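Structure for the following, please:
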Amino acid sequence: MVSVIQPLKSAPPASLPPLVEPGPPLAQEELERYSRHALIPEIGLEGQRRLRNARVLVIGAGGLGSPALLYLAAAGVGTLGVIDDDTVELSNLQRQVIHGVHDIGRSKLESARDSVLELNPGVNMVLHNVRLDSSNALELFAGYDVILDGADNFATRYLVNDAAAILGKPYVWGSILRFDGQVSVFWDRFGPNYRDLYPEPPAPGTVPSCAEGGVFGMLCASVGAMMVTEAVKLITGIGQTLLGRLLIFDALTSRWREIRIAKDPAAAPITELIDYEIFCGLVPAEKNDGDLISVDELASRLARRENGEDDFVLVDVREPVEFQIARIPGSVLVPLGGIRDGSALGALPQDKALILHCKAGTRSAQALASLRAAGFADVVHLEGGIDAWQSRGL
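Next up is the predicted model:
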């Protein structure tokens with residue numbers, strides 16, 4: 001049961017009443033398990049009963065979701081929901097500590113469930129094997145008290161923000177890239193939301209994802225643990241949350257700094273969900289299928305090229321280190337930056353067909369637009385990028 005709190009019209013309060021009402025008394029085994037929490041006056045047995053009565057939804061069982069799920073379970077949160085539709089890959093294990101080698105190829109949801117229940121069998125795990133989007137976000141969020149957003153893309157972050165705002169729910173947000181981490185609490189009823197921090201998304205391609213730019217594995221634990229700290233404070237009503245504040249962590253210097261976030265009084269209220277991929281510029285409002293080539297078509301054309309029956313250049317627009325880790329046979333490396341600023345255009349023939357690819361399709365679409373603007377006519381890009389190529393075992 002969520003406490004009824006009247007919205008404030010000024011700055012966020014220093015502290016908030018508990019988000020969740022206490023559940024029934026703890027059993028003897030629970031008293032022993034959570035004794036170190038119960039000994040803390042601010043939490044006590046009542047706070048632990050609130051935790052057991054809480055329902056927390058974690059978006060993603062990846063870098064941030066992994067430590068968050070483990071610490072939420074260890075803290076005694078009664079119901080944990082997880083949204084994820086991905087499978088465990090070897091490259092995940094550098095930071096996604098909820099999975100192991102034996103989980104490679106398994107659903108991340110099933111792997112996360114097994115790890116959580118091994119740690120705390122008293123947790124009720126609810127698995128949502130879906131891709132979060134505008135059609136299901138409100139229904140999924142409705143059954144939870146607080147949401148933890150560990151998504152690694154801007155489209156999902158804006159979606160989570162807007163859905164939480166419409167439902168009047170708080171959520172804890174975390175972000176990581178390379179050595180930098182950020183964490184905050186957003187609750188549109190009482191303070192700023194994500195749009196007050198980032199009113200507009202960055203231009204596509206200007207901020208790499210973790211898969212493109214890399215991430216310092218241990219940073220996930222630092223930010224994920226801080227996210228759980230904020231969720232526990234919201235649930236139990238202790239301390240001062242990060243509502244209205246943004247914490248930024250630089251792992252290279254081991255320094256935290258804080259930025260105040262103010263609610264924009266001129267911002268229009270959020271009343272509906274939109275197409276967030278279009279909002280973030282990830283896809284055009286009208287998709288042109290003529291710009292795309294499937295992995296099967298590319299495989300056929302590569303075979304014909306090997307037999308001298310086709311002539312084209314397969315261009316990998318990723319970064320050199322990505323090219324070293326994995327590549328499509330017969331591709332040449334021309335990073336996106338050189339295409340966008342024009343410095344690499346001389347390396348590309350205008351009298352041959354060009355097939356572009358990146359990791360998943362976003363950067364190759366940007367390269368295609370730049371090449372078309374520079375006068376290259378016969379250009380397409382690989383749908384789904386090298387991820388789609390590898391998933392087909394090609």
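
and the closest residue in space to residue 134 that isn't next to it in sequence, what does it touch?
Excluding its sequence neighbours, the residue lying closest to residue 134 (Cβ to Cβ, 6 or more residues apart in numbering) is residue 273, at 4.0 Å. (Glycine included, C-beta is placed from N, CA and C.) By Cβ atoms under 8 Å, 6 or more residues apart in numbering, the contact set of residue 273 is 134, 137, 138, 159, 162, 163, 166.

Please flag which of those residues sit within helices.
Judged by DSSP state H, helices contain the following of these: 137, 138, 159, 162, 163, 166.

And the third one, how far from residue 108?
Counting by Cβ to Cβ, to the nearest Å, the gap from residue 159 to residue 108 is 19 Å.

what do you get for the fourth one?
Distance, residue 162 to residue 108, using Cβ to Cβ: 25 Å.

same question, the first one
Plainly put, residue 137 is 19 Å away from residue 108 if you go by Cβ to Cβ.

same check, this time on the second one
Relative to residue 108, residue 138 is positioned 23 Å away (Cβ to Cβ).

so where do the strands sit in this structure?
Here the chain has its strands, by DSSP state E, at 55-59, 79-83, 124-128, 146-149, 171-177, 180-186, 245-250, 255-260, 292-293, 312-316, 331-333, 353-357, 379-382.

tell me the contacts of residue 237?
So residue 237 contacts 15, 16, 17, 18, 19, 47, 50 (Cβ under 8 Å, 6+ apart).

and the ones in helices among the contacts of residue 273, which are buried?
Neighbour-count burial (16 or more other Cβ atoms under 10 Å) applied to those gives 137, 159, 162, 163, 166.

Show the contacting residues for the third one.
Looking back up the chat, that one is residue 162. 270, 272, 273, 274.

again, only this time at 7 Å
Residues counted as contacts of residue 162 (Cβ atoms under 7 Å, 6 or more residues apart in numbering) are 270, 273.

Next: the second one.
For residue 159, the set of contacting residues under the criterion of Cβ under 7 Å, 6+ apart consists of 132, 134, 137, 273, 276.

From residue 104, how far off is the residue lying closest to residue 100 once chain neighbours are set aside?
Closest residue to residue 100 in three dimensions, ignoring its sequence neighbours and counting by Cβ to Cβ, 6+ apart: residue 93, at 7.3 Å. In this view, residue 93 and residue 104 are 8 Å apart by Cβ to Cβ.

ok, so what distance separates the residue of the chain most remote from its centre from residue 296?
The outermost residue of the chain relative to its centre, with distances by Cα atoms, centre = their mean, is residue 308 at 43.7 Å. Residue 308 sits at a distance of 21 Å from residue 296 (criterion: Cβ to Cβ).

Equivalent analysis for residue 126, please.
Counting by Cβ to Cβ, the gap from residue 126 to residue 296 is 37 Å.

try residue 349
25 Å.

And for residue 81?
Counting by Cβ to Cβ - residue 81 and residue 296 are separated by 36 Å.

neighbour-wise, which of these two wins?
residue 81 (20 against 11; other Cβ atoms under 10 Å).

pLDDT at the more buried one, what is it?
Residue 81 carries a pLDDT value of 98.

bridging residues for it?
In this entry, residue 81 is beta-bridged to residue 57, residue 126, by DSSP bridges.

That one and residue 170, how far apart?
From residue 81 to residue 170 the distance is 15 Å (Cβ to Cβ).

count of neighbours near residue 217?
Counted with other Cβ under 10 Å, residue 217 comes out at 14.

Give the full set of residues in contact with the closest residue to it other than its chain neighbours.
Closest residue to residue 217 apart from its sequence neighbours, by Cβ to Cβ, 6+ apart: residue 95 at 3.8 Å. Neighbouring residues of residue 95 by Cβ under 7 Å, 6+ apart: 63, 215, 217, 220.
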